[in-house]
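> coordinates only, sequence not included:
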């Protein structure tokens, strides 16, 4: 299940980068465009890229957060987070018994 969440996260990252690339390209193209019809087409493309940006941001966050929670649950198999002590509950310090 963890791999699926990571896959969703990576798809979100790729969509996020692609949407930003389209928006940047449109911003640069609008500056030199003079024909109203082509300008309208560029602005429609920018609006579509903005929608893709929001969807991909949602996927990026959903996949990243879910993968993070799922990996913590899988750390020791019990669903509890494993601390620095390796699950011993003593803060990582081993107690030396005088009898041994």
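Thanks, I have it. Keep in mind it's a predicted model, so treat the numbers as computed, not measured. Residues are numbered from 1 along each chain as shown.
> How far does stretch 49-65 sit from its chain's centre?
8 Å (CA atoms, centre = their mean, to the nearest Å).
> buried ones in it?
Residues of stretch 49-65 classed as buried by neighbour count (16 or more other CB atoms under 10 Å): 49, 52-53, 56, 59-60, 63-64. Using the backbone N, CA and C atoms, a C-beta is placed for each residue, glycine as well.
> Endpoint to endpoint, stretch 22-41 covers what distance?
Using CA to CA, to the nearest Å, one end of stretch 22-41 lies 13 Å from the other.
> Which residues does it contact?
Residues outside stretch 22-41 that contact it (CB atoms under 8 Å, 6 or more residues apart in numbering): 42-43, 45-46, 49-50, 52-53.
> okay, and for the protein, where does confidence drop off?
Applying pLDDT under 70 to the chain flags the ranges 74-100.
> So in it, which helix runs the longest?
Using DSSP state H, we find that the single longest helix of the chain is helix 36-73.
> Closest to the centroid, which residue in this protein?
Compute the mean C-alpha point of the chain, and by CA atoms, centre = their mean the closest residue is residue 60, 3.3 Å away.
> Mind telling me what element the closest residue to that one other than its chain neighbours is part of?
The spatially closest residue to residue 60, leaving aside those adjacent along the chain, is residue 12, at 3.1 Å (CB to CB, 6 or more residues apart in numbering). With elements delineated by DSSP states H and E, residue 12 resides in helix 2-32, which encompasses its position.
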